[in-house]
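S.K.: Here's my sequence, what's the structure:
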Amino acid sequence: MKAYKAYDDKNCEGYSTVVYAENATQAKLTALRTDACEDAEYIDIRVKRYPLMDALYKGSSEVDWCDPEQRIALVKEYGWECLEPEYEDCEDCPAREWCGAYERYKN
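M.R.: Below is the predicted model of the structure:
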């Protein structure tokens, strides 16, 4: 399975997810069933390959942000961070040492 970042090009809130699929067309279809793209039109969903996430496929069609290994990879390799962080939770986050939000919180 290949990993793809998926997002609604018309959504101004900036939500995105990472889905696993065999190709970009299937990734868009999978994204329609995620919270990040549930209200999107198929033609507005954009996908981009995230090849470093391929090795972290664990049988689910969508990456689990609560999985420490997957979260660390997204933060470290792709610069992801919480959109609306609860900074008191940063101390327990497994990806804090690579997180821009955590750096801003500390300073």
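S.K.: From T30, how far out is the one residue sitting closest to the centre of the chain?
M.R.: By C-alpha atoms, centre = their mean, the chain has its centre lying nearest to T17, at 3.6 Å. Using C-beta to C-beta, to the nearest Å, one obtains 9 Å as the distance from T17 to T30. (Each C-beta comes from the backbone N, C-alpha and C, glycine too.)
S.K.: Give the intersection of the neighbour lists for the two.
M.R.: When C-beta atoms under 8 Å, 6 or more residues apart in numbering defines a contact, the residues bordering T17 and T30 alike are 6, 62.
S.K.: so E69 sits right up against A55, yeah?
M.R.: No. Under the criterion of C-beta atoms under 8 Å, E69 is not in contact with A55, lying 9.9 Å apart.
S.K.: Please identify which of these two sits among more neighbours.
M.R.: Counting neighbours by other C-beta atoms under 10 Å for E69 and for A55 shows that E69 has the greater number, 13 against 9.
S.K.: What lies in contact with the helix or strand harbouring the more buried one?
M.R.: Element membership of E69 [criterion: DSSP states H and E] is helix 68-78. For helix 68-78, contacts defined as C-beta under 8 Å, 6+ apart pick out 5, 18, 50, 52-53, 56, 58, 63-65, 80-81, 93-95, 98-99.
S.K.: among those, which ones are buried?
M.R.: Among the contacts of helix 68-78, those classed as buried by neighbour count (16 or more other C-beta atoms under 10 Å) are 5, 18, 50, 53, 56, 63, 80-81, 93, 95, 98-99.
S.K.: Tell me the one of those nearest E41?
M.R.: Closest to E41 out of those is K5 (18.0 Å), distances taken as C-beta to C-beta.
S.K.: Can you get me a residue count around the closest residue in space to E38 that isn't next to it in sequence?
M.R.: Excluding the flanking residues, the one nearest E38 by C-beta to C-beta, 6 or more residues apart in numbering is L32, at 7.2 Å. The local packing count at L32 equals 16, with neighbours defined by other C-beta under 10 Å.
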